[in-house]
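Asker: coordinates only, sequence not included:
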């Protein structure tokens, strides 16, 4: 039995304008239905491939604020989200999440500021602005990831060192083992290595399942580590031929 909170989705393209930029994103344009099979689903792909757009739409359709936070966060700094969520219908399981959080790298400053505004004597502020970006980012994850929750993470590795990414990997894995569900858009070959995770690639104009070793994040990192000198000589040599200099 599929016990996931969100088991799939469908998109009604009749509810999306003919001139919408969503119709120019191949991976999204070709999607009418999408199913999920694992407590941890990764969205991967090149910049502009549509992975964050899809993650954002699912999060909003699930009841989260477009800029992030818990479902209790209700504010808007700048409305930049797409109309996709309004045309999306989520297929939900019989269980309901007991908690949830939407963590976005690009709007984290706004959420951290609003967290201070929402604080009171019964809910003191974590004072994220007094920590480094990486420390505050990881602190949110460690405080907000709880068993039986629904979580959306958009490029969570952006502020984290490789060591802290391993810490986050452990937090995600342990939480998923305690009946939580995650949707994560990432470029991190570290996070993508979580055992048992489902990886959906948004490259090549379609959404398809792939293996860890097939992801561009893994392949580029492997190529760089194993052939660093040759690769740099080729790249920097081409730059020198064009007159580049440090």
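Answerer: Ah, there it is. Here the structure is a predicted model, which means the values were calculated and not measured.

Asker: contacts, neighbours, all on C-alpha from now
Answerer: Fine.

Asker: ok, then the element right after the least confident helix or strand in the chain by mean pLDDT?
Answerer: Here the helix or strand of the chain ranked lowest by mean pLDDT, DSSP states H and E is helix 108-118, holding a mean of 55. As assigned by DSSP states H and E, the chain's next helix or strand after helix 108-118 is helix 133-144.

Asker: Quick one: name whatever helix or strand follows that following helix.
Answerer: strand 149-154.

Asker: That following strand to helix 133-144, inter-axis angle?
Answerer: 160 degrees (axes from the mean of the first three to the mean of the last three Cα atoms, to 10 degrees).

Asker: Can you tell me the strand partners of strand 149-154 and which way each runs?
Answerer: Sheet pairing for strand 149-154, assigned by DSSP bridges, gives strand 99-104 (parallel), strand 181-185 (parallel).

Asker: With mean neighbour count added, can I get these in a markdown table?
Answerer: What follows is those, written out as a markdown table (neighbours: other Cα atoms under 10 Å):
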| stretch | mean neighbour count |
| --- | --- |
| strand 99-104 | 24 |
| strand 181-185 | 25 |
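
Asker: export those to a markdown table and tack on mean pLDDT and distance to residue 139?
Answerer: Formatted as a markdown table, the strands paired with strand 149-154 follow (pLDDT from 0 to 100; distance: least, Cα to Cα, whole Å):
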| stretch | mean pLDDT | distance to residue 139 |
| --- | --- | --- |
| strand 99-104 | 88 | 12 |
| strand 181-185 | 97 | 17 |
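
Asker: can you put these in CSV and add distance to residue 57?
Answerer: As requested, these are exported to CSV (distance: least, Cα to Cα, whole Å):
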stretch, distance to residue 57
strand 99-104, 11
strand 181-185, 11
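
Asker: Would you mind saying which of the ones you listed lies nearest residue 91?
Answerer: With Cα to Cα as the measure, strand 181-185 is the member of those nearest residue 91 (14.0 Å).

Asker: what's the closest one in contact with?
Answerer: Residues from elsewhere that reach strand 181-185 (Cα atoms under 8 Å, 6 or more residues apart in numbering): 4-5, 38-44, 51-52, 55, 148-155, 172, 176.

Asker: repeat that for 6 Å
Answerer: 39, 40, 41, 42, 43, 150, 151, 152, 153, 154, 155 (Cα atoms under 6 Å, 6 or more residues apart in numbering).

Asker: For whichever helix or strand comes after it, name the packing helices and strands.
Answerer: Where DSSP H and E defines the elements, the next helix or strand beyond strand 181-185 is strand 198-201. For strand 198-201, the elements it packs on are strand 40-44, strand 208-210, judged by 3 or more Cα pairs under 6 Å, 6 or more residues apart in numbering; DSSP states H and E.

Asker: Which helix or strand lies directly C-terminal to the longest one?
Answerer: Scanning forward in sequence from strand 40-44 by DSSP H and E, the next helix or strand is helix 51-61.

Asker: Could you list the low-confidence segments of the chain?
Answerer: 1, 72-81, 105-133, 238-246 (pLDDT under 70).

Asker: If we use 80, what do you get?
Answerer: By pLDDT under 80, the weakly predicted segments of the chain are 1-2, 67-82, 105-137, 238-246.

Asker: highest average neighbour count across the helices and strands packed on strand 198-201?
Answerer: strand 40-44 (a mean of 24; mean count of other Cα atoms under 10 Å).

Asker: so what strands line up beside it?
Answerer: Assessed with DSSP bridges, strand 40-44 is paired to strand 181-185 (parallel), strand 198-201 (parallel).

Asker: how about these in TSV, adding distance to residue 27?
Answerer: Listed next are the strands paired with strand 40-44 as TSV, based on distance: least, Cα to Cα, whole Å:
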stretch	distance to residue 27
strand 181-185	14
strand 198-201	9
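
Asker: circling back to that earlier point, please convert the contacts of strand 181-185 to a markdown table, extending it with distance to residue 167.
Answerer: Output for the contacts of strand 181-185, formatted as a markdown table (distance: Cα to Cα, whole Å):
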| residue | distance to residue 167 |
| --- | --- |
| 39 | 19 |
| 40 | 16 |
| 41 | 18 |
| 42 | 17 |
| 43 | 20 |
| 150 | 19 |
| 151 | 17 |
| 152 | 17 |
| 153 | 15 |
| 154 | 17 |
| 155 | 15 |
